[in-house]
Structures are given as structure tokens and as C-alpha cells.
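Q: need a structure here:
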Amino acid sequence: LPEAVRWAAGRLALLVGREVFVAHRPLTRAAGRRAGRLLGAQAMTATSYPDFRRHLPATARWAVNGVESAGDLWRAEARWWYRVEEDGRELLHGARLGSAPVVGAAAVLSADAWRVRGALELAARGGGRLEVLDVPA
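A: Below you'll find the model as predicted:
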């Protein structure tokens, strides 16, 4: 779906960044090869988070822009969800044929589900502050 390519590439950059540079777990050979198709070989062979970020293609780099440290990728994830929701709402506007309104609806519902999941997790842990679920980071 052309409407979702940017989201997928950005999300993959976040997932790979978190797995490799935060959790310090190398990807399997197969996962690395598949991720390399979207993120590029140079990003996948980067030995540091700054190198990884620098070598990402523009379709994925937007998701980590402004995130200088791998430890702050959680902020980029919240921002990614915000962008998906905003783009999804935009796809819902106007009467047009095609997949755009369906992709938009799925994006908005997914962002809603992410917030609900976060709120339930927070409630299960005894409560706290919800602002990370409400505003772009």
C-alpha cells in the first residue's frame, strides 16, 4: 500500500534501533536481510546508533529525526504513532476511490488501540501520567 510505505519504513527503523542499540540483541540473519531491503545495507551493518541513523533512507529517517540517543527511541515511537494518526485522518478526508480511506481508517484505529493498550498497562501498574499517549514527543 503506497500510503503506508513511509510508516512501515519508519516503524522498522524504530524496531531495529531498539532491538540492536537498546536491547543489544543482534537480528537473525533472515530478519537482517529482510530489514535491509527497506533500510539499506549500510544502516544494517552500522555499529553505532548515530551511524545507523545517518545511513537510513529518507523514508525511514524521519522517524528518528531529533533522537540523538538510542535510549530516547521511546519518544520517537510516540511521535511515530502521532504521525500515523495524523496521516490517517488526512487520508479519511474527501471522497475518492481507492484504498486511501481504508488505510486511513486502519491507521486511526491502530493509534487508538495503541493508546488504549497504554492506558490499560498504566492502570494495571497502579496509574500514573498519560501525557506520552496524548501528544507528539
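
Q: what does the helix or strand harbouring W74 rub up against?
A: Per DSSP states H and E, W74 falls inside helix 73-92. By CB atoms under 8 Å, 6 or more residues apart in numbering, the surrounding residues in contact with helix 73-92 are 3, 7, 10-11, 14, 17-18, 21-22, 62-64, 66-67, 100-101, 103-108, 110-112, 114, 132-133, 135-137. Quick note: C-beta positions are derived from backbone N, CA and C, even for glycine.

Q: quick one: name whatever helix or strand follows that helix.
A: That would be, after helix 73-92 and using DSSP H and E, helix 100-124.

Q: that older thread, just the buried residues of the contacts of helix 73-92.
A: Buried members of the contacts of helix 73-92, scored by 16 or more other CB atoms under 10 Å, are 3, 7, 10-11, 14, 17-18, 21, 62-64, 67, 100-101, 103-104, 106-108, 111, 114, 132-133, 137.

Q: circling back to that earlier point, and the helix holding W74, average pLDDT?
A: The average pLDDT within helix 73-92 is 93.

Q: what's the angle between that helix and helix 100-124?
A: Inter-element angle recorded for helix 73-92 and helix 100-124: 140 degrees (by axes from the mean of the first three to the mean of the last three CA atoms, to 10 degrees).

Q: mind checking how far helix 73-92 is from the chain centre?
A: When distances are taken as CA atoms, centre = their mean, to the nearest Å, helix 73-92 is centred 8 Å away from the chain's centroid.

Q: show me which residues of it are buried.
A: 73, 75-85, 87-88, 91.

Q: swap in stretch 38-45?
A: L38, L39, A43, M44.

Q: looking at the residues you listed, which are in helices?
A: Counting by DSSP state H, the part of the buried residues of stretch 38-45 found in helices is L38, L39, A43, M44.
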